[in-house]
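In: Got a sequence here, can you build the structure:
(one chain, ligands or ions: 1)
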Amino acid sequence: MPEKTAEKMSEKMSEKIIVPLDVSAEREAIALIEGLPEVTFWKVGLELFISSGPSILAALKARNKRIFLDLKLHDIPNTMAGASRVVGRYGVDLLTVHAIAGSAALSAAQTAVVEGAKAAGCDAPRIVAVTLLTSIKRAALLSELQVPVESGHYAQKLALLAQQSGLAGAVCSPQEAAMLRIACGDDFLLVCPGVRPAWAQKGDQQRTMTPIEAVQAGVDYLVIGRPITQADDPAAAFARICEEMAM
Ligand code: C5P
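Out: Numbering: from 1, shown residues only. Down below sits the predicted model:
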């Protein structure tokens with residue numbers, strides 16, 4: 001491949017990577033963001049959002065970054081609608097809810113996020129539903145949650161529920177991505193954590209895939225944290241992953 005084309009592909013791949021800001025203070029988050037100017041898409045999860053509130057979102061927007069607001073909302077329809085309407089005003093790109101909140105709550109969240117965004121004059125975030133937390137193993141699905149279904153099929157059922165409720169996509173394990181891609185079609189967004197380059201430590205992630213395997217399985221966005229943020233040279237680790245994905 002000519003060098004320029006390879007560079008372009010690798011640039012494009014960099015937009016598929018979402019790096020989590022897994023810290024508890026806004027100033028630590030800003031240090032991470034400023035240390036990695038190449039990263040365009042950042043994830044704000046519960047820890048940071050509970051600590052900093054919407055001010056971290058403003059800081060990211062001021063730096064022209066895309067935002068994945070990973071709040072994993074799970075409540076009754078009226079409460080989901082209220083929370084989603086407020087999120088709609090923030091101008092974030094992606095928001096998570098739990099699919100097991102059910103179709104009424106998912107549809108209510110979808111309607112409300114659009115209303116909130118419209119009132120604020122910004123684009124509505126795309127809502128992606130968490131199917132089955134990857135920390136829930138097959139045995140726990142049956143013995144604790146009393147769900148007598150294989151975990152991949154359960155994730156597929158919940159992704160279809162999210163799609164039928166008007167949501168844009170799902171969060172799933174990369175191992176389930178190929179199956180969900182077939183079930184839900186090409187326009188359905190698949191966002192996956194549990195991605196590890198072959199050269200990185202697995203940490204507590206169990207059933208991982210490499211970035212290129214995840215892309216080949218049909219994943220749209222890869223959430224990759226510690227292999228980048230804990231690397232000796234985070235910028236070099238990010239660039240290496242982008243290059244590998246473009247090969
Ligand atoms: O450091 P690492 O790449 O494991 O980070 C993955 C990110 O994705 C973390 O923010 C983690 O909380 C999140 N996540 C996950 N597994 C899920 C859902 C979210 O690892 N099933």
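
In: residues contacting residue 162?
Out: 99, 106, 128, 129, 131, 169, 170 (C-beta atoms under 8 Å, 6 or more residues apart in numbering). (C-beta placed from N, C-alpha, C; glycine too.)

In: Please identify which of these is nearest to residue 155.
Out: Nearest to residue 155 among the contacts of residue 162, counting by C-beta to C-beta, is residue 131 at 3.9 Å.

In: Quick check: of the contacts of residue 162, which has the highest neighbour count?
Out: Highest neighbour count within the contacts of residue 162: residue 170, with 30 neighbours (other C-beta atoms under 10 Å).

In: Does anything pack onto the host helix or strand of that one? Which helices or strands?
Out: Applying DSSP states H and E as the criterion places residue 170 in strand 169-171. Judged by 3 or more C-beta pairs under 8 Å, 6 or more residues apart in numbering; DSSP states H and E, strand 169-171 is in contact with strand 126-130, helix 151-164, strand 189-192.

In: min pLDDT across the contacts of residue 162, which one?
Out: Within the contacts of residue 162, pLDDT reaches its minimum at residue 131, with 95.

In: Might you report the residue contacts of that one?
Out: Residue 131 neighbours (C-beta under 8 Å, 6+ apart): 99, 154, 155, 156, 158, 159, 162, 170, 171, 172, 176, 180.

In: Flag the helix or strand of the protein with the lowest per-element mean pLDDT.
Out: Lowest on mean pLDDT, DSSP states H and E among the helices and strands of the chain sits helix 3-14, with a mean of 73.

In: quick one, phi/psi of residue 18?
Out: Backbone dihedrals for residue 18, given as degrees, to the nearest 10, come out at phi -110, psi 120.

In: about what we covered before: can you tell me which of the contacts of residue 162 is nearest residue 66?
Out: residue 128 (13.6 Å).

In: ok, now which ones touch that closest one?
Out: 94, 95, 96, 97, 162, 167, 168, 169, 170, 171, 189, 191.

In: could you redo these as TSV and give each row distance to residue 53?
Out: Converted to TSV, the contacts of residue 128 look like this (distance: C-beta to C-beta, whole Å):
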residue	distance to residue 53
94	19
95	16
96	18
97	19
162	27
167	25
168	25
169	26
170	27
171	23
189	26
191	24
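
In: Please identify which of these is nearest to residue 239.
Out: Once C-beta to C-beta is applied, the member of the contacts of residue 128 that ends up nearest residue 239 is residue 191, at 22.0 Å.

In: need the contact list for that closest one.
Out: Residue 191 neighbours (C-beta under 8 Å, 6+ apart): 18, 68, 94, 128, 169, 170, 171, 172, 219, 220, 221, 223.

In: What residues does the closest residue to the fourth one other than its chain neighbours make contact with?
Out: When you say that, I think you mean residue 128. Nearest residue to residue 128 in three dimensions, chain neighbours excluded: residue 169, at 4.2 Å (C-beta to C-beta, 6 or more residues apart in numbering). By C-beta under 8 Å, 6+ apart, residue 169 lies in contact with 126, 127, 128, 129, 162, 188, 189, 190, 191, 220.

In: Try it again at 10 Å.
Out: Each residue near residue 169 by C-beta atoms under 10 Å, 6 or more residues apart in numbering is listed here: 94, 96, 126-129, 159, 162-163, 180, 184, 187-191, 220-221.
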